[in-house]
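**Q** My questions are about this predicted structure, shown below with the sequence.
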Amino acid sequence: METDIQEIQLACFRLGDATFAADIMRIKEIIRPQKLTKLPKAPAFVEGVINLRGMVIPVIDLRKRFELPERVALEEARLLVVGVSRQLVGLVVDDVTEVVTVQVGDIKPPPHSIDGISAEYLIGVCLVRDTLVMLVNLDRILTSREASAIAGLAGAGR
């Protein structure tokens with residue numbers, strides 16, 4: 001019986017003019033931004049925490065994490081609630097565009113840097129209808145030290 005994964009479903013999202021994607025199986029839900037509680041001493045890319053059905057969830061701005069220019073308007077912004085380092089976090093993205101199925105063999109290693117975004121944050125790149133899509137490595141969004149610090153800050157925000 002063949003168990004190798006041949007294709008993967010990706011949720012595509014925008015950050016500025018760039019298109020990114022994450023494995024749909026890692027996304028718990030996609031929601032509109034909610035009222036944030038700011039956290040003192042949080043890293044610059046941590047917007048604060050939200051209360052999602054009784055769970056305190058840290059919110060990370062991917063634009064800031066990737067050192068991209070700040071967004072102008074929040075109307076279209078979405079939060080991808082994902083599991084990172086054994087905790088749920090919300091990732092602020094400009095817009096979620098679509099879910100696509102990609103052949104695993106079509107995913108290529110990421111270049112060293114794309115538009116200033118370090119390859120450490122990427123699993124790979126692929127073409128979806130002539131658009132370059134960068135696959136985000138959710139396990140690298142936070143270092144283990146950052147994940148521990150954010151978990152501690154989120155616990156203090158309860």
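**A** Right, received. Where do you want to start?
**Q** just checking, next helix/strand downstream of the lowest-mean-pLDDT helix or strand in the chain?
**A** The weakest-scoring helix or strand in the chain, judged by mean pLDDT, DSSP states H and E, is strand 113-114 (a mean of 64). Downstream of strand 113-114, the next assigned helix or strand under DSSP states H and E is strand 117-118.
**Q** Could you export the next helix or strand after that following strand as PDB, CA atoms only?
**A** Downstream of strand 117-118, the first helix or strand assigned by DSSP H and E is strand 122-128. Extracted C-alpha coordinates of strand 122-128, given in PDB (Å, rounded to 0.1, in the frame of the first residue of the first chain):
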ATOM      1  CA  LEU A 122       9.800  29.000   3.900                       C
ATOM      2  CA  ILE A 123       9.400  25.400   3.100                       C
ATOM      3  CA  GLY A 124       9.500  25.900  -0.700                       C
ATOM      4  CA  VAL A 125       7.900  27.700  -3.600                       C
ATOM      5  CA  CYS A 126       5.600  26.600  -6.400                       C
ATOM      6  CA  LEU A 127       3.700  28.000  -9.300                       C
ATOM      7  CA  VAL A 128      -0.100  28.200  -9.100                       C
END
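**Q** helices or strands next to strand 122-128 in the packing?
**A** Counting contacts by 3 or more Cβ pairs under 8 Å, 6 or more residues apart in numbering; DSSP states H and E, strand 122-128 packs against strand 95-103, strand 131-136. C-beta here means a position set from N, CA and C on the backbone, and glycine is covered the same way.
**Q** 10 Å instead?
**A** Secondary-structure packing of strand 122-128 (3 or more Cβ pairs under 10 Å, 6 or more residues apart in numbering; DSSP states H and E): strand 7-15, strand 18-23, strand 95-103, strand 113-114, strand 131-136.
**Q** Report the angle between the second one and strand 122-128.
**A** Calculated by axes from the mean of the first three to the mean of the last three Cα atoms, to 10 degrees, strand 18-23 forms an angle of 110 degrees with strand 122-128.
**Q** List the neighbouring strands of the helix or strand following strand 18-23 plus their orientation.
**A** Next along the chain after strand 18-23, taking DSSP H and E as the criterion, comes strand 27-31. The pairing partners recorded for strand 27-31 under DSSP bridges are strand 78-84 (antiparallel).
**Q** so the strand it pairs with versus strand 95-103, what angle?
**A** Using the same axes, to 10 degrees: strand 78-84 against strand 95-103 is 50 degrees.
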